[in-house]
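Engineer: This is a predicted model, with the sequence first.
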Amino acid sequence: MAKTKIAVLISGRGSNMQALIDATRDENFPAEIVVVVSNNPDSPGLEIARAAGIEIDVVNHRDFDDREAFEEALDATIKLYGARIVCLAGFMRILTPSFTERWRDLLINIHPSLLPAFKGLHTHERALEAGVRIHGCTVHYVRPEMDDGPIIGQAAVPVLPGDTPETLAERVLQAEHKLYPQCVALACSGKARVAGERVRLQVREFGAELLMNPHD
Ligand code: GAR
């Protein structure tokens, strides 16, 4: 089976990247990671990827005069390794429309909330402040507006009495690690196509409930 070549972009710890690496070890997973790129040379995730035998590269935003120059270098690096799909996994730089449109429907992000609720940062604190009973995470194709774009999958987690931002974040993170590989697999096998700014899923072998509740 021909595998889709993907690049994973990180800025920090890289636990979602690790989940993707683990998933690619299954010979039936439809993608292979050709490079992990970080904008931060000190990302702990870089060492994890290197130890897993994956190519790593750094495009440090501080080395560039402006966002456009940074993104040109990022784009060139991704193409150098032959990646066809780009997965943001805790990549904490805002990308300009020029970059997101260049990679339209080929650029995927994971966000720690049930979008369109709680775009931006500090999602778990804000979910607790809002008093929501259900929280979760979303994998979506990236559009120029921040944390916006056609949704591939979501996982819901309960907010429990006594939750702190940290305990809630940990519960959501476990769900992220299950959701992201499933959604990347759908995208890379052509089973999550964008039509009319919605994702049309062909999920006969992925029970739809798996995309809603990864604890099943
Ligand atoms: C994850 O929770 C991811 O959803 C979030 O950053 C964390 C990265 O953790 N991403 C965003 O907030 C993007 N808007 P990781 O480095 O361990 O994967």
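Structural biologist: Perfect, thanks for sending it.

Engineer: switch to C-alpha atoms for all contacts and neighbour counts from now on
Structural biologist: Noted.

Engineer: measure stretch 26-34 end to end?
Structural biologist: The straight-line separation of the ends of stretch 26-34 (CA to CA, to the nearest Å) is 16 Å.

Engineer: so how far is that stretch off the chain centroid?
Structural biologist: Distance of stretch 26-34 from its chain centroid, counting by CA atoms, centre = their mean, to the nearest Å, is 16 Å.

Engineer: what does it rub up against?
Structural biologist: Among residues not part of stretch 26-34, those counted as contacts by CA atoms under 8 Å, 6 or more residues apart in numbering are 1-8, 21, 23-24, 54-55, 81-83, 184-185, 188-189.

Engineer: Same question for that stretch: list its buried residues.
Structural biologist: Of the residues in stretch 26-34, those buried by neighbour count under the rule 16 or more other CA atoms under 10 Å are 29-34.

Engineer: Same check on stretch 90-97?
Structural biologist: When neighbours are counted by 16+ other CA under 10 Å, the buried residues of stretch 90-97 are found to be 90-91, 95.

Engineer: got it, and stretch 77-86?
Structural biologist: By neighbour count on 16+ other CA under 10 Å, the buried set for stretch 77-86 is 77-78, 81, 83-86.

Engineer: Pick out the most distant pair among these.
Structural biologist: Comparing every pair within the buried residues of stretch 77-86 by CA to CA identifies T77 and I85 as the most remote, at 13.0 Å.

Engineer: measure G12 to V36 for me?
Structural biologist: When distance is defined by CA to CA, G12 is 12 Å away from V36.

Engineer: Show me which of these two is the more surrounded one.
Structural biologist: With other CA atoms under 10 Å as the criterion, G12 and V36 differ in neighbour count, and V36 comes out ahead with 26 against 19.

Engineer: quick one, what contacts the more buried one?
Structural biologist: With contact set as CA under 8 Å, 6+ apart, V36 has these partners: 7-10, 46, 49, 54-57.

Engineer: Pick out whichever of those sits closest to the ligand.
Structural biologist: Taking CA to the nearest ligand atom as the measure, the ligand sits nearest to I10 out of the contacts of V36, at 6.4 Å.

Engineer: Tell me the bridge partners for the nearest residue to P112 once chain neighbours are set aside.
Structural biologist: Using CA to CA, 6 or more residues apart in numbering and skipping the chain neighbours, the partner closest in space to P112 is C137 (4.4 Å). Taking DSSP bridges, one obtains A155 as the residues bridged to C137.

Engineer: Check the burial of C137 by counting its neighbours.
Structural biologist: If you count neighbours by other CA under 10 Å, C137 ends up with 24.

Engineer: Good, we can wrap up now.
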